[in-house]
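Peer 1: Based on what follows, work out the 3D shape:
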Amino acid sequence: MRRSKVLTLFMALALTAGCGGGGNASSGLPADQKQPASSGSSTGNGIRLGILGQCEGPFGGFHEDVVAGTTLALARFAGASPSSKTSALEGFSGAKVAGTPIELVGIGCGDDTADRIVQEVRRLVEQLGANVIIGPLSGDEGIAIAEYAKAHPDLTVLAGISGSQEQTLHVRAPNYFRFYGDGAIWNAGLGDLLHNKEGWETVAVIADDYSFGHTSAAGFIADFCAVGGKVTHRVFPPLGTTDYSSYIAQLPNPDEVDGYFWAVGGTGTQAALEAFVNGKGDLTGKQHAGNLFFNPDLAQALGTDIAGAYVGGFATLPSDVRTPEIEEYLAAADKTWESIPGALSGNKPAKPSVAAAFGFFYGYYTAGVALAEALEAVGGDITDVPAFHKAIAGLTLDLPYGDIKLDANRSGIVDVGLSRLVNESGKVVQQTVAIVPGVDQTFGGTFSPDTPSPGRDSPACAKRDLPWAGKAITVVNGVPQR
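Peer 2: I've put the predicted structure just below:
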């Protein structure tokens, strides 16, 4: 396997992947659906919604997915009708909750940079008059939008799937709400599992050098070190790197460490693992673990040697866990559209449930559900903005992949599903092995508004008590053994 076995699956995430759908690329809506500029206030008592996607950059391939996530929520709970049966980027109409209309005024086109996403939110709010924003997608974008929300207290922001820790734990804007976990939360219990079940004593970490990569690595490091493990190397290639060979060279050889933890995402996942094979030799799954980007499609592209690798959690659970609520949710996606060109299908038409089962779509779905439920809670009256924000903060969402409520900083307290890649008759699939319930962004007291933000050297590797250590709920054949 020294020659590359990695296929071109994740090239779907490339820069040009997400701006389709016709019409105006900057808004994501056809020209005839663009709304006139306004002062940024609501029209009457209505919701003027802007969605912040990412149609360029490392995660540009998920642009369709995230807009579809919010659209599905509003189709299910606000009576929205998508304008197209084959693309969510064409917008929707007819959404209304408790007599209050929800109008989509525009879709922002981010590129994973703070500067670009601020330009887009300013366009949506200050030119197109959005009074509610859903998004953004990625880490640095989330911090920037949280700061923007803090400076615009009458605006309501429901975060999309941006996984940086700082946007809620440090910025703490009272009008910014995140109904999902951050990147650290998604790795809760993974270090415990690898140290105490698989016997890892030492690990090398490689992660994207930006806020989400830092946060994801921080959660794993905190968890692994808490139970007695040691981190020997921390390597942080810049997000968007194409040649990872020099960064792979900084990692120890496979005979010098028990394992490797990867938090390299987007278009970089393929390139980084390819560089590892070329520089360090064959992959041995039992020596590798990764965050959400170690999904089964990528694993299959790598070949069966990746079987045995463990995977941290994300907003959804792997496909082996099925409940009536999950089945109903996925069926609703397939009923809403004929097809969706999501990232996991290479941005080609596929069953909408393929996109809906992955966390990018689902994060924006939870935000849409929160918007609908909060409107219902205030009887559709959004003229009292503080009351509307209080209603959002007090929600407990009954969602397909588990209930979610918010902590004091308006960030999600969530259950985390850990999984493993296994070889089933020559096919690599993702199999859930454990669920860690009720993790919040303090990570068992590890992080607080006064601790340094996750970074290249933070957190320190320290042993400490974590409430879930040794207490994860085992999952057998997709069924939690509660």
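Peer 1: So what are the sheet partners of the helix or strand harbouring residue 260 and their directions?
Peer 2: Assessed by DSSP states H and E, residue 260 sits inside strand 259-263. With DSSP bridges as the test, strand 259-263 is paired with strand 202-207 (parallel), strand 288-290 (parallel).
Peer 1: remind me which residues of this protein are low pLDDT?
Peer 2: Applying pLDDT under 70 to the chain flags the ranges 1-45, 295-302.
Peer 1: Which residue lies nearest the spatial centre of it?
Peer 2: residue 161 (4.0 Å; CA atoms, centre = their mean).
Peer 1: In space, what's closest to it - neighbours in sequence excluded?
Peer 2: residue 363 (3.1 Å; CB to CB, 6 or more residues apart in numbering). For every residue, glycine as well, the C-beta is placed using N, CA and C.
Peer 1: For residue 292, see how far away that neighbour is.
Peer 2: Separation of residue 363 from residue 292 (CB to CB, to the nearest Å) stands at 11 Å.
Peer 1: Among these two, which residue is more densely surrounded?
Peer 2: residue 363 (30 against 23; other CB atoms under 10 Å).
Peer 1: residues of the helix or strand where that one lies that come out buried?
Peer 2: Under the criterion of DSSP H and E, residue 363 resides in helix 359-377. Residues 359-377 are the ones in helix 359-377 that count as buried (16 or more other CB atoms under 10 Å).
Peer 1: same check, this time on stretch 266-280
Peer 2: Applying 16+ other CB under 10 Å to stretch 266-280 flags 266-277, 279-280 as buried.
Peer 1: thinking again about what came up before, does the residue nearest to residue 161 touch residue 181 like I think?
Peer 2: No. At 9.7 Å, residue 363 does not count as touching residue 181 under the criterion of CB atoms under 8 Å.
Peer 1: can you list residues touching both of these two?
Peer 2: In terms of CB atoms under 8 Å, 6 or more residues apart in numbering, residue 363 and residue 181 are both contacted by the residues residue 315.
Peer 1: Near the nearest residue to residue 400 once chain neighbours are set aside, how many other residues are there?
Peer 2: Nearest residue to residue 400, sequence neighbours excluded (CB to CB, 6+ apart): residue 329, at 3.9 Å. Neighbour count of residue 329, defined by other CB under 10 Å: 21.
Peer 1: now swap in residue 465 and tell me
Peer 2: Neighbours around residue 465, by other CB under 10 Å: 9.
Peer 1: With residue 470 instead?
Peer 2: 10.
Peer 1: Next: residue 86.
Peer 2: Count around residue 86 with other CB under 10 Å applied: 15.
Peer 1: go on, residue 398?
Peer 2: 11.
Peer 1: what does residue 103 give?
Peer 2: Look at residue 103: counted by other CB under 10 Å, it has 18 neighbours.
Peer 1: and it, what element?
Peer 2: strand 100-110.
Peer 1: From the chain's centroid, how far away is that strand?
Peer 2: 20 Å (CA atoms, centre = their mean, to the nearest Å).
Peer 1: Can you tell me the strand partners of it and which way each runs?
Peer 2: Strand pairing for strand 100-110, using DSSP bridges, gives strand 47-54 (parallel), strand 95-97 (antiparallel).
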